[in-house]
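Asker: Pasted the sequence and its predicted model underneath.
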Amino acid sequence: MRVKICGITNADDIAAAVMAGADALGFVFYPPSKRAISIEQAESLVAAVPPFVQTVALFVNAEKAFIEQLLASANFQLLQFHGEETADFCAQFDRPYIKSIPVKPDSSADSLAAMMQQYDSAQGFLLDTFKQDMPGGTGESFDWQLVPKSAKPLILAGGLNPSNVAEAIQQSQPYAVDVSGGVEQYPGKKSKDKLKAFIEQAKSTQIT
């Protein structure tokens, strides 16, 4: 099981997440978020990420010029889009990308699969709990049995923490899990103990 730790804001949390066994680190470029960082911060933080740990830049309806400026400054390997971006928009930056798919109370596996079909160029999809005016980082989970079958990797997010990640994996059988608030001391600062517990639980859970 692969694990992405999102909402990284400082070098100490990079070191702690890597030491705990994280496969990918996510950096938020959405100003309303308490975990958002600047291009200047990104440049130094990404440089501190060791080899074989993937760096992911997260956007919510960002301007093309901003994304291009960021990518010229910091070597992000994967892009993550959380807004209403079209497939054409997501695919234009010469980087692989994943698209977040919001899971609403009335969502079904079929409706989620239909949304995924609009993004043929995506490398994978991240399923996260929908909350009005809050694209991601809600801290709320959804019905994991709604996760559809997909030929592309599915990343499970939304309300995950050390105590529920094993059950979430068993029910949804994802390619990877993504966590931010569930391993924090407070928004923007990770807990070493929670990081370790979360990653241990995720990687020790068997999938079929």
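Answerer: Sure thing, it's come through. Numbers count the residues shown, from 1 in each chain.
Asker: Identify the residue nearest the residue nearest the centre of the chain in space, chain neighbours excluded?
Answerer: Of all residues in the chain, the one closest to the mean position by CA atoms, centre = their mean is residue 178, 5.0 Å from it. Excluding its sequence neighbours, the residue lying closest to residue 178 (CB to CB, 6 or more residues apart in numbering) is residue 157, at 4.0 Å. (C-beta placed from N, C-alpha, C; glycine too.)
Asker: and what of residue 23?
Answerer: Per CB to CB, 6+ apart, closest to residue 23 is residue 2, 4.4 Å.
Asker: got it, and residue 34?
Answerer: Closest to residue 34 by CB to CB, 6+ apart is residue 187, at 3.9 Å.
Asker: picking that back up, how many other residues sit next to the residue nearest to residue 23?
Answerer: Using other CB atoms under 10 Å, residue 2 has 16 neighbouring residues.
Asker: Which pLDDT value goes with it?
Answerer: On pLDDT, residue 2 comes in at 97.
Asker: what sits against it?
Answerer: Residue 2 is in contact with 23-24, 175-177, counting by CB atoms under 8 Å, 6 or more residues apart in numbering.
Asker: cool, and residue 145?
Answerer: 171-172.
Asker: Report the spatially closest residue to residue 8, excluding sequence-adjacent ones.
Answerer: The shortest distance from residue 8 to any non-neighbouring residue, by CB to CB, 6+ apart, is to residue 25 (5.0 Å).
Asker: The one you found contacts residue 57, doesn't it?
Answerer: No: using CB atoms under 8 Å, residue 25 is not in contact with residue 57, being 10.3 Å away.
Asker: more crowded one of these two?
Answerer: With neighbours defined as other CB under 10 Å, residue 25 and residue 57 compare such that residue 57 has more, 25 against 22.
Asker: For that one, give the beta-bridge partners.
Answerer: Beta-bridge partners for residue 57, by DSSP bridges, are residue 27, residue 79.
Asker: For the chain, which segments count as helices?
Answerer: 11-20, 39-47, 64-73, 87-90, 109-116, 165-172, 192-204 (DSSP state H).
Asker: Hmm, residue 18 and residue 50 touching each other?
Answerer: Yes: with contact defined as CB under 8 Å, residue 50 reaches residue 18; the gap is 6.1 Å.
Asker: okay, these two: which has more neighbours?
Answerer: Taking neighbours as other CB under 10 Å, residue 50 and residue 18 compare with residue 18 leading, 18 against 8.
Asker: got the contact list for the residue nearest to residue 8?
Answerer: So residue 25 contacts 4-6, 8, 14, 17-18, 49, 53-56 (CB under 8 Å, 6+ apart).
Asker: Residue 142: which of the residues you listed is nearest?
Answerer: residue 6 (16.9 Å; CB to CB).
Asker: Any buried residues in the lowest-mean-pLDDT helix or strand in the chain, and which?
Answerer: Within the chain, no helix or strand scores below helix 109-116, which has a mean of 89 by mean pLDDT, DSSP states H and E. Residues of helix 109-116 classed as buried: 112, 115-116 (neighbour count, 16 or more other CB atoms under 10 Å).
Asker: I'd like those residues written out as JSON lines, with distance to residue 95 added.
Answerer: As requested, the buried residues of helix 109-116 are exported to JSON lines (distance: CB to CB, whole Å):
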{"residue": "112", "distance to residue 95": "24"}
{"residue": "115", "distance to residue 95": "21"}
{"residue": "116", "distance to residue 95": "19"}
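Asker: Cool, thanks, signing off.
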